[in-house]
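K.L.:
how would this look folded up:
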Amino acid sequence: MTMARVLVLNASYEPLQRVDLRHAIRMLVRGVAVIEEAVDGRSFGAFPEPKVLRLVRYVAMRWRYSRRPGWSKAGVYKRDRGRCGYCGRPGDSIDHIVPVSRGGESTWENTVLACTRCNHRKADVLLHECGMRLAVAPSVPTWEQLTV
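P.N.:
Model prediction:
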């Protein structure tokens, strides 16, 4: 069973991160956050089960915005909005544009989400070798794209 994910907003209502339900309840108990939105009819002890929390005090996030987000598979899924970077159908795996077997790395610019069909068609060759083209230009996502 996976824990519910709760969106945490800064005091200025900008999204910061998602936390598990246990962490969210600890934030409420400590008084550092308030519930902005709750799940109807569900509670966790004395608290309604939160969907969205807002911090009571503003947290400066300059450190976060001074560097680019680190690459992750989950981040590629969010950046590409669940769509294959080659054909636009629902994607279910990560594909390296320059295959790892040919020196490609797991970076934002070298990976896209791919459907099974396109991933098998491309396999471990370069795009021009298999006659495929990217429908999207892979780029580094913003922190906001990865938070929501």
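
K.L.:
isn't residue 9 right up against residue 52?
P.N.:
Yes - in terms of C-beta atoms under 8 Å, residue 9 counts as a neighbour of residue 52; the distance is 6.4 Å. Just so you know, the C-beta spots here come from the backbone N, C-alpha and C atoms, and that holds for glycine as well.

K.L.:
the more surrounded of the two?
P.N.:
Neighbours per residue (other C-beta atoms under 10 Å) separate residue 9 from residue 52, with residue 9 holding more: 19 against 16.

K.L.:
show me which residues of the strand ranked longest in the chain are buried.
P.N.:
What stands out as the longest strand in the chain, according to DSSP state E, is strand 33-44. Residues of strand 33-44 classed as buried: 33, 35, 38, 44 (neighbour count, 16 or more other C-beta atoms under 10 Å).

K.L.:
also stretch 117-133?
P.N.:
Quick answer for stretch 117-133 (16+ other C-beta under 10 Å): 118-119, 122, 132.

K.L.:
check stretch 47-64 too.
P.N.:
Buried-residue list, stretch 47-64, by 16+ other C-beta under 10 Å: 48-55.

K.L.:
cool, stretch 83-91 as well?
P.N.:
Result for stretch 83-91 [16+ other C-beta under 10 Å]: buried residues 83-86, 91.

K.L.:
got TSV for those, with distance to residue 73 too?
P.N.:
Output for the buried residues of stretch 83-91, formatted as TSV (distance: C-beta to C-beta, whole Å):
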residue	distance to residue 73
83	15
84	15
85	14
86	17
91	11
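
K.L.:
closest one to residue 144 out of those, please.
P.N.:
Nearest to residue 144 out of the buried residues of stretch 83-91 is residue 83 (C-beta to C-beta; 18.8 Å).

K.L.:
tell me the contacts of the spatially closest residue to the closest one that is not a sequence neighbour?
P.N.:
The shortest distance from residue 83 to any non-neighbouring residue, by C-beta to C-beta, 6 or more residues apart in numbering, is to residue 91 (5.7 Å). By C-beta atoms under 8 Å, 6 or more residues apart in numbering, the contact set of residue 91 is 77, 80, 82-85, 112-115.
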